[in-house]
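S.K.: Fold the following.
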Amino acid sequence: MWCIGISMILFILIIIASIRLSAKSRSTVPSTYAINTSLPPLVATTTYILPNNCTLRQITPVFSLNNSPSFDFQFYSILYTAIARQTMITFAFRQDPGYWVIDDMSMRETNTGIEVLQNGDFENELLAPFSYCNQQGIDVTSTTYPSNNQSHSGTYAFVDFTANAPDYISQMLTLAIGHMYNISFSLLNSGGPVNSFMVMMSV
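M.R.: Residues are numbered from 1 along each chain as shown. The predicted model follows:
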């Protein structure tokens, strides 16, 4: 009887020791875990309401940038083959954190070198003969001006600060059907996303 009592006591002590050891072992495991549940931030895209007062009906995008990092003036050149005599060229800008600057715009017939775009360097100090439209297609040319703060060459350039939705500037051109034209410009982007820039032709 006495032996049974001693055995029971030893058994209970072994169980208690095992429980304490198990508890100590578990205490070395973190009670909380740093789980990375963050998702990449959603980068907005730009919705273009087209056509509008700065485009014709049949629209062909020929160049675009979307949510680009900031960059200093860069030169771009695009080839376009005319499909109609009366053609409109349109530049669309959206820049939520900063602004775009465009300068030295040109559109030349590749064989003859004839320039068909007027006031592409904005050196006459006016936006005309470009037209300006906001996203809703309302003509608000009186509120937008070329600027001499950020020109690429010469004195003036076009600066656009629009946020949340694009602005447009456009010019009606007379082209030779089937002929190829070189569209070129220098572009500066002052801020990262959200932003967008597009060149489109419409007939």
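S.K.: just the helices in this protein please.
M.R.: 2-27 (DSSP state H).
S.K.: Residue ranges in it under the pLDDT threshold?
M.R.: Counting by pLDDT under 70, the chain shows low-confidence ranges at 1-45, 49, 135-154.
S.K.: hmm, 80 instead?
M.R.: Across the chain, the ranges flagged by pLDDT under 80 are 1-54, 125-126, 134-155, 161-165.
S.K.: ranges for the strands of it?
M.R.: With DSSP state E as the criterion, the chain has strands at 59-66, 71-81, 86-95, 100-109, 131-133, 146-147, 157-160, 167-174, 180-189, 195-202.
S.K.: Tell me who's in contact with the spatially closest residue to V203 that is not a sequence neighbour.
M.R.: Of all residues not flanking V203 in the chain, A84 sits nearest, at 3.7 Å (C-beta to C-beta, 6 or more residues apart in numbering). The C-beta positions use only the backbone N, C-alpha and C, and glycine is treated the same way. A84 is in contact with L175, I177, V203, counting by C-beta atoms under 8 Å, 6 or more residues apart in numbering.
S.K.: I'd say the first one and R85 touch.
M.R.: What it means is L175. Yes: contact between L175 and R85 holds when scored by C-beta atoms under 8 Å: they sit 6.1 Å apart.
S.K.: More neighbours: these two, which one.
M.R.: Legend: neighbour count by other C-beta atoms under 10 Å for L175 and R85, higher for L175 (21 against 11).
S.K.: ok, now which ones touch the more buried one?
M.R.: Going by C-beta under 8 Å, 6+ apart, the list of residues near L175 reads A82, A84, R85, Q86, T87, E109, V116, Y181.
S.K.: From the residues you listed, list just the buried residues.
M.R.: Those of the contacts of L175 that meet the buried threshold are A82, T87, E109, V116, Y181, by 16 or more other C-beta atoms under 10 Å.
S.K.: Check the gap between the last one and V101 for me.
M.R.: Distance from Y181 to V101, counting by C-beta to C-beta, to the nearest Å: 23 Å.
S.K.: Equivalent analysis for the third one, please.
M.R.: E109 sits 27 Å away from V101, going by C-beta to C-beta.
S.K.: for the buried ones among the contacts of L175, which one is nearest N53?
M.R.: T87 (16.2 Å; C-beta to C-beta).
S.K.: in the sheet, who's paired with V199?
M.R.: F63, F91 (DSSP bridges).
S.K.: Contacts only, for it.
M.R.: V199 neighbours (C-beta under 8 Å, 6+ apart): P61, V62, F63, S64, I78, I89, T90, F91, A92, I183.
S.K.: closest to L56 among the contacts of A84?
M.R.: Comparing the contacts of A84 against L56 with C-beta to C-beta places V203 closest, at 5.5 Å.
S.K.: Please tell me I have it right and P129 contacts Q171.
M.R.: Yes: under the criterion of C-beta under 8 Å, P129 makes contact with Q171 at 5.7 Å.
S.K.: Lovely, talk soon.
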